[in-house]
Every structure is written in structure tokens, then in C-alpha cells.
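**Q** Got a sequence here, can you build the structure:
(chains A and B)
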Amino acid sequence: MKMVNLTIRDLFHKKGKFIMILLGLSISIFLVQYSAGMYNGVLVQSTDTFDRFEFNMWVLTEDADNFFEGEPINDSSYELIKTMSDVDDVERLIFQGANFETEDYVADVTLLGYELNSEKIKPWDIIKGDVDDLEEENTIIVDESIKNDFPELKIGDHVQFGEAKMEIVGFCKNTRFMFNPYAWASIETAQNIAPFYGNWSSMIGVELEDDYDMDDFQDDLDEMYDLELIEELEVFTKDELKENTHTMIINEGGLGGAIYILVGLGFFVAMIIITVVMYQTIQEKIPEFGTLKAIGASKVFLNKMLLGQVFILITLSFIIGTILAFIFGALGGGAGIPILLDFFTSIAIYLAYLGVGILCSLFSVSKVHRIDPAIVFKG
Amino acid sequence: MGNNNIIIKLEEISKDYDLGEVVVKALKKSNLQMRKGEVALLMGPSGAGKTTLLSIMGLLLRPTTGKIYFADKIYDKKTRQKILTDTRRKSIGFIFQAFNLVKSLTVIQNVEIMYKIGQLEKAGYKDKCKEILDMLNMGHRLDHLPKNLSGGERQRVAIARALINDPELIMADEPTGNLDSENGKIIGEYFQQIAKERGTTILIATHDDRLKFCSDRIIRMEDGNILNHEHSRIKDE
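**A** As a prediction, this is how the structure comes out:
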């Protein structure tokens, strides 16, 4: 008879109790996995748009350090940067939240204004319409998820978008920023939607000559600023901006706190369950453990038996909880945020649960060690 | 120990329980020895010290004073717990009034557990378990759980568990206490058979006079003292 057989038989002996424990732990692990998946999903989705754009360097106004906070950059600055001999390629991008309105309803949308002839910045996954139609003024292509708010919306419809009336010329999919669908437009159209900034963009993508590095470029921007030719601008690598954006979402967006609370709650529930269950099991089985000790069971044997049960419970619960998180994620439980179950995060969660399980069992294990085997003769 | 026929010898054994304000002398300086293949009944009123003596002889309890000579070793109050545990596992079988089987394990698994505890799973161990259970007329109930067995059957499984490691000594505490007279007699007969065929020494703490038929000697206790040794059935004469 294998040790694991003894452990499993003991665990499964009271099936109702076993199922309840498994259910509690699975829900706890589901909560943690789902939260971690949402956390990953939010972070990835917040910046994956910029992974699709082929610029590795971006210029923002001096007071911004992430993709969210770019203040308007005047087109005159863009034109000047364009003339710099060591700048290989340069493009404007408008990245701006805006309202999408019909007579009865308003929805938040993220506006993406780009250079229509760009090879590096363009919409993807167009499912209806043609990107060339954006050359017409005041036209947009919008992510199909807008239909969650406007189910009847179709190509040719006109909607109030920001300060202008826009014609929808296409739909794309999988182009969202967090909960908001993207609306793609030419730079000029995007400027019409938010005319109060004049001729502007949110950020400028740049590509530099090989022998001209980022520091040299920054120095030149600072010099032009000193000469009052441009506003104060700062250059970032894409990775810096992504990292800053993630940090901003976690710290200022409240996501970090919310996730930590959910994860903490999940672990707390698991700790309570394991502690109570193990303690109760030991209390019920004092004569049985006394007998095992009397007939020669060593501490190692008893440890393996008890911790083996914790291991099996957590492993089964982890599998169930993870499958549940996967299913709920696939069903769109994240309100548009993909639930990304990362392998290494999952392994870390599993190991953390095992650690918590072992830790919470230690009191019960030590109680078994203290059982006097002579109780077997005391009736 | 001088005499090869002596399997266990207690020398000046005493056990005190310190209860704070009062020290209870559960066992007063006692001497006892048992021969190979001997079946002895340990009798006396409640509180006489039977359980304490049984626990000390079964190496479940360390004596306050004195020495135990058993299995080529000497055990006293300083003997380490691990040594006591190892000796119990290898050389002593236990049988209890309440059977003390593992509820979640089947009949055969309750016997096999001794191999697992001792990490002695070797080829043929399952056959040996079946063989012993067959000998105790339990071969037809190998896959039953204890809850589905009668009291007599449970006790036979407990005997099989106690025997599986071929112990030199078996300590039985009221083994017929939960059994009717017929099953009590059967268990007594098994004790006789085991002692005779295997040379196992068996000490039975009991109030059950009906077990006298299977014993060679009756050890009477009172107030922590071993009073006398009656010969109820003389062997080797």
C-alpha cells in the first residue's frame, strides 16, 4: 500500500466534508487566479496597442511620463522635429479619451488619430469597411465592442463624437483600451473632434539614425526649447513608457489596491479553511494517531501523511480554481478586460498556497507530535 | 539476561506521576520477567497499575526508575523516544479493547500499514498479510472497511496487524472487553495458538476470567504492586 494511498483514503473517507473543503479552497484559488489574471490583463491591454506600433521611441510633453498623460504637442514642434537631419522617421499620434453620443446614450471611447499613410501606426483586425475611407474628413472606424452600448450601429451612421459629427466607415475588433473601444481617425479628423487644442497631437513617434542616440536627441530637444522653438518635450523608450504606464495604473488607478485586497481575501479564506479543517481532523482522530504512534509510526511518517493531505487538497483545488478562472475569463467575465492566466504567476500562486497550507498545518502537526502514544491503553 | 528463554525482564521498575501538589506512585518498585511463548494475564482492580505496567512493558512510557531488558537492549527513563518507537515497531504488537483500526482503510490495508510504517514494503508482503488474515479466518473480508465488521472480526484484524511483523512480544489491553463470550473464546484460542506456534510472548491486561484457559500465568496487581504470580496452566512440563 503506497503512502499516497493511505493519505488519499483518509482524506476521501468523509466525502461530504472533503467536497466542502475542496469547494472552499477552489473558490479561494479561483478568486486569486482570477484577480491575478485580471491584473495581467489590465496591464497587458493598457499598453499592447503600443507594441503593435513600430516606434521604439516616443516624445511626450515634459510633464508626462506614460501613455495616458500626454499633453497636447503643437504641430509646429512636430514639423520642426521632422526637419532634424538625424531623425529617420517621425509620426504624430493623437491618443485621447472622448465621448461617443447618440440622442439617448453616451459612451466613453478612446480616439486614435494617426497619419493615414503610416506604415508603423495603423488599425488592425478590420472586419467591415475599408481603412482608405478614413481619407474622407470626419470619418471613423470603431471597434465593434461599441455595439455593446449601441447595438444598432452600422456603417454609414452618423454620431456625435466629441465636438464633431462623424460618419462610421468601418468596424474592427480587438482594438480596445481597457474598457473603451478605439475609434480610429486621420490626424485631421481627430483634431476636429477635439478642436480646442488647435493643431496638435498627444505624442510623437520617432526613429533615430544609428549614430544618433536618445541622449543626443534629448539634448537637441532641450536646446530647441531653450530657444523657444518648441514646448518642453521629453523622449522615452517604448519600454520606459510601458513600465511607467503600468506603475501608474497599479498605484494611481486603484488597480493594485483592489487586486491586493482580493488576493489577500483569497489567501485569508484558504488559511482559515486549512487551519480549521486540520485542527478538527486532528481532534477527531486523536485515538487513531495515538494508535499509529503506539504501533511505531515515526514523526516523518505522520508528517508525510498530514502534509500529504494538504498537498492533495491544494493541488486539486488549484486545478479546479484555475479551470474556473479560465472558463470565467473566456466567458468575458472581466467586462472586456482579458483574464490572462500567466504560467509563472500560476505556479507562484500554487507554491504560495502550498506554503500557506503547510504553515497553517504546522500547529496541527505539532499537536499530533505531542499526542502521547500511551493514551491507547487509557481507554 | 542470563536465561535465553526470558524474553523481557523488568528490574526495579517504578512509575510516578507528578500532579503538582501530589505525586501518584502508579507503579512501585516491581520486578517481572516473561518467557518466550508465555501467555500471561495481568489482573487486578481498576487503579491497580495494570495500564501503567502494560505501557511501560510496551515501551509506550518510560519508567521513573529501573530498567527493562528487552530485544537485546536496556531501556530506562533516559532512552530516546526514537529508539522506543523503533523497538515498538519492530518487536512489539499491540491489541486494544476498542480495536483501534484505521477507519478509512480496508481489512488488508489495516494490516499492510505496518509495512508502510516500517518502510518494509518488499516483494510478497501482501501475500503474508493475506496469509495471516486467512489464519485468523478473515481471508474472505479483505476489502471490507472496519465499520462493516463485527467486533470479533475487528479484533481478529487487530491481531493480524499485531502479528504481521513477527513481534517477540504482544501487549493486549482488555482484548475481549467488547466481545461476546463466543468471540472472546475464539480470541483466547488464537492467543494460545500464536504463543505455541510462533513462540510469541503475550501479556493480556484483563478483567475477563474466561481468558484463564489460554494463559500460563496470572499476574495480580494492586495499588501499584505486583502481588503474586499464579500458574493457571503449566507449560513445558
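**Q** where in chain A is pLDDT low?
**A** Scanning chain A for pLDDT under 70 picks out the ranges A:1-7, A:253, A:332-336, A:378-379.
**Q** quick one, strands of it?
**A** For chain A, the strands defined by DSSP state E occupy A:57-61, A:73-74, A:87-101, A:106-114, A:126-129, A:139-143, A:158-161, A:164-172, A:176-177, A:180-186, A:200-201, A:203-208, A:233-237.
**Q** Give the pairing partners of the third one; include direction for each.
**A** Looking back up the chat, that one is strand A:87-101. For strand A:87-101, the pairing partners within the sheet under DSSP bridges are strand A:106-114 (antiparallel), strand A:158-161 (antiparallel), strand A:203-208 (antiparallel).
**Q** which stretches of chain B aren't confidently modelled?
**A** For chain B (pLDDT under 70), the answer is B:1-4, B:119-121, B:229-237.
**Q** Spit out the contact partners of the residue most central in space within it.
**A** Per C-alpha atoms, centre = their mean, the C-alpha nearest to the average position across chain B is that of B:M171, at 1.1 Å. For B:M171, the contacting residues are B:L54, B:M57, B:G58, B:I92, B:G93, B:F94, B:I95, B:L203, B:A205, by C-beta atoms under 8 Å, 6 or more residues apart in numbering or on different chains. C-beta: built from backbone N, CA, C; applies to glycine.
**Q** Just the buried subset of the residues you listed, please.
**A** Neighbour counting with 16 or more other C-beta atoms under 10 Å in any protein chain shown marks B:L54, B:M57, B:G58, B:I92, B:G93, B:F94, B:I95, B:L203, B:A205 as buried within the contacts of B:M171.
**Q** Among those, which are located in strands?
**A** B:I92, B:G93, B:F94, B:I95, B:L203, B:A205.
**Q** Of those, just say which sits nearest to chain A.
**A** B:F94 (5.5 Å; C-beta to the nearest C-beta).
**Q** export the contacts of B:M171 to a markdown table and tack on distance to B:P146?
**A** Formatted as a markdown table, the contacts of B:M171 follow (distance: C-beta to C-beta, whole Å):
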| residue | distance to B:P146 |
| --- | --- |
| B:L54 | 23 |
| B:M57 | 27 |
| B:G58 | 22 |
| B:I92 | 22 |
| B:G93 | 18 |
| B:F94 | 16 |
| B:I95 | 14 |
| B:L203 | 25 |
| B:A205 | 22 |
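**Q** Near whatever residue of chain B ends up closest to chain A, how many other residues are there?
**A** Going by C-beta to the nearest C-beta, chain A is nearest to B:R89 of chain B, at 2.4 Å. Residues contacting B:R89 under the criterion other C-beta atoms under 10 Å in any protein chain shown number 21.
**Q** need the contact list for it.
**A** A:I295, A:G296, A:A297, B:M114, B:I117, B:G118, B:N165.
**Q** ok, and the closest non-adjacent residue to the residue nearest to the centre of chain B?
**A** Distance criterion C-beta to C-beta, 6 or more residues apart in numbering or on different chains; nearest residue to B:M171, sequence neighbours excluded, is B:G58 at 4.1 Å.
**Q** Check B:K73 too.
**A** In space, and not counting its chain neighbours, B:K73 is closest to B:T87: 7.0 Å by C-beta to C-beta, 6+ apart.
**Q** For chain B, which residues are neighbours of chain A?
**A** B:51, B:54-55, B:58, B:60-61, B:82, B:85-86, B:88-90, B:93-94, B:96-98, B:100, B:102-105, B:109, B:112-118, B:121, B:161, B:173, B:205 (C-beta under 8 Å from any C-beta of the partner chain).
**Q** who's residue 172 bridged to?
**A** The chain I'm using is chain A. Under the criterion used (DSSP bridges), A:C172 bridges to A:I126, A:D143.
**Q** I was after chain B.
**A** Bridge pairing for B:A172 - DSSP bridges - gives B:I95, B:I204.
**Q** Repeat that for B:L42.
**A** Beta-bridge partners, per DSSP bridges, of B:L42: B:A205, B:I219.
**Q** surely it meets B:E222?
**A** No: judged on C-beta atoms under 8 Å, B:L42 makes no contact with B:E222 at a distance of 11.8 Å.
**Q** who has more neighbours, those two?
**A** B:L42 (26 against 14).
**Q** Who are the contact partners of that one?
**A** B:K50, B:L53, B:L54, B:L203, B:I204, B:A205, B:T206, B:I219, B:M221.
**Q** separation between the residue nearest to B:M171 and A:I126?
**A** 83 Å (C-beta to C-beta, to the nearest Å).
**Q** what ranges do the helices span in chain B?
**A** For chain B, applying DSSP state H gives helices covering B:50-57, B:81-91, B:107-117, B:125-135, B:151-163, B:181-198.
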